[in-house]
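In: build me a model from this:
(one chain, ligands or ions: 2)
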Amino acid sequence: MAAADWGGKADHLAGERATAQFDVDGMKVAWAGSRHAVEVADRMACLVASDPVFRKDTRTMLSRKELFKDTLKKAAHAWKRTVELHLTEEEANLLRLYIDQPGYVDLHWVMFVPAIKGQGTEEQQKKWLTMAYKFQIIGTYAQTELGHGSNVQGLETTATFDPSTDEFIMHSPTLTSSKWWPGGLGKTSTHAVVYARLITEGKDYGIHGFIMQLRSLDDHSPLPGITIGDIGGKFGSGAYNSMDNGVMRLDHVRIPRDQMLMRLAQVTREGKYVHSDVPKQLLYGTMVYVRQTIVADASRALSRAVCIAVRYGAIRKQFGSKAGGPETQVLNYKTQQSRLFPFLASAYAFRFVGQWLKWLYTDVTQKLESKDFSTLPEAHACTAGLKSVTTSATADAIEECQKLCGGHGYLNSSGLPELFAVNLPACTYEGDNVVLLLQVARFLMKTVSQVASGKQPVGTTAYMGNIQHLMQCKSVVNTVEDWLNPAAIKEVFEARALRMAVNCAQNISKAPSQEEGFSELSPDLVEAAVAHVQLIIVTKFIEKLQEDILGHGVKEQLQKLCGIYALHLIHKHLGDFLSTGCVTARQGSLANERLGKLYAQVRPNAVALVDAFDYTDHYLGSALGRYDGDVYSALYKEAWKDPLNETVVPDGYQEHLRPLLKQQLKLSRL
Ligand SMILES: CCCCCCCC/C=C\C/C=C/C(=O)SCCNC(=O)CCNC(=O)[C@H](O)C(C)(C)COP(=O)(O)OP(=O)(O)OC[C@H]1O[C@@H](n2cnc3c(N)ncnc32)[C@H](O)[C@@H]1OP(=O)(O)O
Ligand SMILES: Cc1cc2nc3c(=O)[nH]c(=O)nc-3n(C[C@H](O)[C@H](O)[C@H](O)COP(=O)(O)OP(=O)(O)OC[C@H]3O[C@@H](n4cnc5c(N)ncnc54)[C@H](O)[C@@H]3O)c2cc1C
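Out: Ligands and ions are numbered 1, 2, ... in the order given. Got it, this is the predicted structure:
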């Protein structure tokens, strides 16, 4: 599909494509998940790429106001096309994705609607979702405040029930209780699910969700008692500045009682608080849902950066042979390969674990519907941990891809600065990554203690049940080839994760209290959580390879990428593997040797492996990552679009530059 977008011009990467040893079409299916997924993604990507309203090549040059207006225009146009073309939900989601511009619609669909679905009664869903699905109202998710984000239980906004009028009084008692950050709140949303402390009969029952109308549906002005605005410019040009993240203060705003989301708990007409027989953690259900989707976003962002860096690396040449022969493609430098190919492997690894996580989430949701809450803690740990590990790795990798592209990677036209700026906050939103890893660690400590008391763990912690073996086993690896064995790889990851968790548990037990021990050991706990999450990613990649994978050479390439993903982690975290006695220094060296061989095997396939992501030039938005590899013409062309080049002599010359030059000239003549 990218070829269609490319329109048959010279393919500077043809030589690279000719060396591929696998069926790229088959790989597209493996990446997308099914033939259907490839086809629908293609259709939506082309729809966006061919529509001039969705152009984004000058986005980083727009002022904040222009950018915001452009986002409103794109969102309205996308909705118009959705209705005109009768797009399915799947197609509409992809359309939004390929437009590639954060905006209020993301919060509406990804958080407002799911929050009502998860926490509203059937009646509430019927009323509010009917309007939300037709865009008669626009919603956001207003949880975070100026004073508290991570500590949800510390939120200060109050919802006090007034039985005399059957209403809640929504109020921001302090400056720090101002809602702060919700996307779309600043200028667009007409409604929000607002999280506030529920107070009835003089008692504080903690945080609950409430549906509030914020703005008039006639003229969009804020309703009485509501002060609302945008929180200001954010990191980078373009990027997340298209989103109107907002601030809101409430001054005794009254809403009807039935606008409290009442699936988990209710307040009766008399003001009695009644809690349903469901775990109170379901209040956090929307966050679990979104964290799961963020893992898929991370793999997409990472694959875009890798696609740019690989294609550019094949075009860019520096230095030649001593005899004055042709210059070397920078992708041929072993240092480039050892920096870049682990990202290529990670993109695939995150993609597959994201597909698995989606399955897990669906499975847990079905169980919750039949009142089986047993898998909720694991779902929380998996979504929190995978969101954390994949977004942190992705942000770091995008930054490194900029460096891998040298100076040109620093230009906005490379697409990398904006990609970095848009994805960096994923390390913070939907839960700060360290805070989330501590949640995983808490889950692991509980599991270790359950194992100690003879309970058999299940799901992603099932390996902990093999404690006798994993605490004392020695890796069987003896040769470089032994590191090709998935069982050998899995064993060392399991042993490392378990030993790190058990070490933490033992050290916590020596502390004066569990709480003090947890706090003192929190840096180690975070590392133990990362080890556990990396094990999940490695395991899911290995399991993916056991599936039927069609297409010549596709499985072989994925086996190599799986090897690179696992072995680069062993190399990177060798300290963990050595200190827990899972591998010896010699085995670590063998892993590194194997890694070098795998990089060499992937090299002829590198461009084809990023082609399999199937991105249009529009979506990639990069002069360096173009499908046809015509990088230099594209960079040259992009430069002239800059507003500075609208005039040959710059604005300000007469005012500042000319007088300065004249003055200096005069002085030199004295
Ligand atoms: C195509 C376009 C794509 C667009 C994509 C758009 C994406 C959207 C982009 C941006 C939007 C961003 C939105 C936001 O950021 S919304 C705000 C998000 N905020 C957070 O994530 C806050 C993070 N904090 C928390 O989640 C919690 O407060 C906490 C988990 C850190 C602590 O909770 P708390 O109740 O105070 O503490 P405990 O640690 O005591 O936990 C109690 C108990 O509950 C369990 N638990 C915690 N969370 C969950 C959960 N989510 N699900 C299930 N269970 C949970 C926890 O494990 C404890 O259990 P116990 O040990 O058995 O007691
Ligand atoms: C782009 C963007 C969009 C957002 N959109 C929304 C939205 O739509 N709706 C919404 O409600 N919110 C939104 N948020 C807010 C977001 O959810 C919070 O910023 C996030 O949950 C982190 O909370 P915080 O900002 O309070 O960070 P803090 O908790 O103040 O974190 C500061 C530092 O303290 C550390 N820290 C905090 N607690 C602990 C602890 N217990 N142990 C160890 N270290 C700790 C963190 O690791 C971090 O390094 C958005 C944020 C961003 C950046």
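
In: and the stretch 1-150 of the chain, which residues reach ligand 1?
Out: Contact residues (CB under 6 Å from any ligand atom) of the stretch 1-150 of the chain with ligand 1: 96-97, 106, 110, 141, 143-144, 149-150. Every C-beta, even on glycine, is put in place using the N, C-alpha and C of the backbone.

In: next, format those residues as CSV and append distance to Asp297.
Out: Compiled in CSV, those are given as follows (distance: CB to CB, whole Å):
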residue, distance to Asp297
Arg96, 12
Leu97, 9
Asp106, 10
Val110, 10
Tyr141, 16
Gln143, 19
Thr144, 19
Gly149, 20
Ser150, 20
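
In: neighbours of the residue in the stretch 51-200 of the chain positioned nearest to ligand 1, how many?
Out: For the stretch 51-200 of the chain and ligand 1, the shortest gap (CB to the nearest ligand atom) falls at Val152, measuring 3.5 Å. Val152 sits with 17 neighbouring residues when counted by other CB atoms under 10 Å.

In: tell me the SS of the closest residue to it other than its chain neighbours?
Out: Sequence neighbours aside, Ile207 is the residue nearest to Val152 in space, at 5.9 Å (criterion: CB to CB, 6 or more residues apart in numbering). Here Ile207 is recorded as strand under DSSP: H, G, I helix; E, B strand; the rest coil.

In: in contact with Ile207, which residues are there?
Out: Ile207 is in contact with 152-153, 155, 195-198, 283, counting by CB atoms under 8 Å, 6 or more residues apart in numbering.

In: what segments of the stretch 1-150 of the chain are helices?
Out: 2-6, 14-18, 24-32, 35-49, 64-84, 89-99, 104-107, 113-119, 122-133 (DSSP state H, counting those that start in this stretch).

In: any chance of JSON lines for the residues of the stretch 1-150 of the chain next to ligand 1, columns pLDDT?
Out: What follows is these, written out as JSON lines (pLDDT from 0 to 100):
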{"residue": "Arg96", "pLDDT": "97"}
{"residue": "Leu97", "pLDDT": "98"}
{"residue": "Asp106", "pLDDT": "97"}
{"residue": "Val110", "pLDDT": "97"}
{"residue": "Tyr141", "pLDDT": "98"}
{"residue": "Gln143", "pLDDT": "98"}
{"residue": "Thr144", "pLDDT": "98"}
{"residue": "Gly149", "pLDDT": "98"}
{"residue": "Ser150", "pLDDT": "98"}
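
In: which ones among the residues you listed come in contact with ligand 2?
Out: Counting by CB under 6 Å from any ligand atom, the members of those near ligand 2 are 141, 143-144, 149-150.

In: spell out which parts of the stretch 251-400 of the chain neighbour ligand 1.
Out: Within the stretch 251-400 of the chain, the positions near ligand 1 by CB under 6 Å from any ligand atom are 281, 284, 287-288, 290, 297, 376-377, 380.

In: please repeat the previous calculation with a cut-off of 5 Å.
Out: For the stretch 251-400 of the chain, the residues in contact with ligand 1 (CB under 5 Å from any ligand atom) are 281, 284, 287-288, 380.
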